[in-house]
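J.: From the sequence below, what's the structure:
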Amino acid sequence: MDASDILVANVAVAAACFTVLWLISIWLHDVSFVDVWWALGIVLMSWTTLLLHGNHGPHAIALVTLCTIWGLRLGLYLLWRWLTYGPDRRYLALIGRANAERGWSFAKASLMLVFAFQAPMQLVVALPAILGQVTPSTALGPIAWIGVAIAIFGMTLEAVGDLQLVRFRADPSNADKVLDHGLWRYSRHPNYFGDACAWWGLFLIAADSGWVGLAALPGPLLLTYLLVAWSGVPSIEARMRRRRPGYEDYAQRTSPFIPMPPRRS
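T.: A predicted model of the protein is given here:
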């Protein structure tokens with residue numbers, strides 16, 4: 001199968017999965033678990049590509065392995081968070097506004113604003129794990145090894161940042177405080193920065209595989225945009241400024257994304 005056939009197959013897989021999940025959301029009256037599928041669905045597409053294309057070269061193995069580690073860790077963490085804390089406030093507000101302002105039912109709002117919206121974005125973000133497998137290869141080049149190192153660094157940073165946040169939230173005495181130690185001393189969103197690094201690393205592995213892999217560039221670009229300018233940093237920053245009295249001072253001295261030494265307050 002060539003690259004176009006592989007993409008069509010993954011579009012079909014994504015469409016089928018998101019349709020089933022949309023039906024489940026109607027039954028649960030909650031769409032928050034879609035974040036879990038954001039990670040796990042990308043893992044599924046990487047394995048779908050590996051099985052359909054049959055290329056077991058070093059680039060394909062590296063991409064599938066790293067993607068699986070990233071996706072399982074993040075997906076299981078988000079599943080735990082959903083089961084522990086319940087529906088996500090962002091989705092509750094989104095669905096609520098659609099119902100109040102447009103008169104949309106839950107089923108229509110969840111389909112139009114969540115599932116039909118996230119499916120194509122998930123496919124674009126997954127492009128490095130898909131297109132990087134298409135070209136047969138015999139060995140990882142220097143660019144691929146740099147990508148492996150960046151991806152591992154990013155996944156480690158993301159996992160440690162999430163763990164520090166979980167431990168901070170588990171202490172009732174921190175209810176009105178701001179997490180400003182550990183990785184969070186150097187970045188207001190170290191987990192998001194780690195996520196971006198992981199996918200730029202995967203892109204470098206894909207790019208090292210050949211020209212088809214270079215076409216995966218929209219993947220890390222879109223993910224970085226989502227994290228920095230749309231659904232990641234902005235939504236959390238607005239909420240934290242409203243609810244945490246010390247957050248403004250923390251924001252003044254702490255880098256918003258890329259970890260850097262804190263500035264004087």
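
J.: Let me know the pLDDT of S265.
T.: Looking at S265, its pLDDT is 61.

J.: do the same with N10
T.: 96.

J.: Touching, it and L51? I think so.
T.: No: here N10 does not reach L51: they are 11.4 Å apart, not a contact under CB atoms under 8 Å. C-beta here means a position set from N, CA and C on the backbone, and glycine is covered the same way.

J.: Tell me which of those two has more neighbours.
T.: N10 (24 against 10; other CB atoms under 10 Å).

J.: Grab the nearest non-local neighbour of that one.
T.: M45 (4.8 Å; CB to CB, 6 or more residues apart in numbering).

J.: residues near that neighbour, how many?
T.: M45 has 27 nearby residues by other CB under 10 Å.

J.: Measure how far whatever helix or strand it lives in is from the centre of its chain, please.
T.: Using DSSP states H and E, the element containing M45 is helix 34-53. Centroid separation for helix 34-53 versus its chain: 12 Å, with CA atoms, centre = their mean, to the nearest Å.

J.: what's the answer for stretch 253-264, then?
T.: Centre-to-centre, stretch 253-264 and its host chain are 22 Å apart (CA atoms, centre = their mean).

J.: Buried residues of that stretch, list them for me.
T.: Buried residues in stretch 253-264, counted by 16 or more other CB atoms under 10 Å: 254-255, 257, 259.

J.: quick one: terminal-to-terminal distance for it?
T.: 6 Å (CA to CA, to the nearest Å).

J.: Need the buried residues of stretch 253-264 in TSV (columns: pLDDT).
T.: Putting the buried residues of stretch 253-264 into TSV (pLDDT from 0 to 100) gives the following:
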residue	pLDDT
T254	95
S255	95
F257	95
P259	96
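
J.: and of the residues you listed, the nearest to D162?
T.: Among those, P259 lies closest to D162 (CB to CB), at 15.0 Å.

J.: For the closest one, which residues are in contact?
T.: 183, 186-187, 190, 193 (CB atoms under 8 Å, 6 or more residues apart in numbering).

J.: for P190, same thing?
T.: P190 is in contact with 157-158, 160-161, 183-184, 259, counting by CB under 8 Å, 6+ apart.

J.: Could you tell me how far it is located from D171?
T.: Per CB to CB, to the nearest Å, P190 is found 19 Å from D171.

J.: So which residues of the stretch 51-200 of the chain form helices?
T.: 58-85, 89-97, 106-110, 116-125, 127-131, 142-170, 190-209 (DSSP state H, counting those that start in this stretch).

J.: what packs against the first one?
T.: Contact analysis of helix 58-85 by 3 or more CB pairs under 8 Å, 6 or more residues apart in numbering; DSSP states H and E lists helix 34-53, helix 127-131, helix 142-170, helix 190-209 as its packing neighbours.

J.: Which parts of it count as buried, going by neighbours?
T.: Within helix 58-85, the residues that count as buried by 16+ other CB under 10 Å are 58-60, 62-64, 66-71, 74-75, 77-79, 81-82.

J.: give me every residue that touches L44.
T.: Contacts of L44 by CB under 8 Å, 6+ apart are 13, 17.
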